[in-house]
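Participant: Mind looking at a prediction? Sequence and model below.
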Amino acid sequence: MSRRQIWWWDTIGWIKAFAWVQIIGNTIFTVLLMIGVTFLVKHVGKHDGSRKEWCANGLSLSETTATAVFAMLVLLIFLSFVGIGMGVILMNGTEHLLENDRYLKAWIIYTAITMIIILACATLIGFVGVSMVTSINKT
């Protein structure tokens with residue numbers, strides 16, 4: 001890979017900038033997800049018992065939904081930690097990028113897979129939340 005300049009920086013500078021953005025972004029995302037998990041754990045199961053929303057296993061709809069959302073949040077936290085690690089690997093790999101581009105390829109593959117998983121989880125969490133609110137409002 002040759003070193004070309006794109007706007008004032010060479011390719012190595014841009015890769016390091018993307019790595020830093022990934023590290024900082026995943027750190028912020030991890031903190032926000034942990035706040036979401038804390039909020040979810042704090043507020044799950046607090047219902048007055050007047051609604052008849054029991055499933056076959058004895059959990060209420062809100063508890064079942066909270067369990068599914070909790071599992072997705074834990075998956076996203078894991079992916080955020082891996083994202084921080086991938087950013088560090090990409091940062092360290094920039095010195096050797098001119099000889100071997102495997103760090104960049106691994107980062108691109110990880111980013112594509114993670115983006116698909118995050119979009120799927122966000123869609124599911126949104127759908128589950130809307131369906132839970134709708135079903136609670138009907139009772």
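Facilitator: Done, it's in. In this text the structure is predicted, and so the values were computed from the model without any measurement.

Participant: Packing partners of the longest helix along the chain?
Facilitator: Using DSSP state H, we find that the single longest helix of the chain is helix 102-138. Packed against helix 102-138 by the contact rule (3 or more CB pairs under 8 Å, 6 or more residues apart in numbering; DSSP states H and E) you find helix 61-93. Where you see a C-beta, it was placed from the backbone N, CA and C, and this is true even at glycine.

Participant: any low-confidence regions in the chain?
Facilitator: 1-9, 43-63, 97-98, 129-139 (pLDDT under 70).

Participant: switch the cut-off to 50
Facilitator: Across the chain, the ranges flagged by pLDDT under 50 are 1, 50-56.

Participant: So the residue lying closest to residue 81 once chain neighbours are set aside: helix, strand or coil?
Facilitator: Closest residue to residue 81 apart from its sequence neighbours, by CB to CB, 6 or more residues apart in numbering: residue 30 at 6.7 Å. Using DSSP: H, G, I helix; E, B strand; the rest coil, the three-state assignment for residue 30 comes out as helix.

Participant: in the longest helix of the chain, what's buried?
Facilitator: 103-104, 107, 110, 114, 118, 121, 125, 128, 132 (16 or more other CB atoms under 10 Å).

Participant: picking that back up, let me know whether the residue nearest to residue 81 touches residue 78 as I believe.
Facilitator: No: look at residue 30 against residue 78 with CB atoms under 8 Å: they stay out of range, at 9.7 Å.
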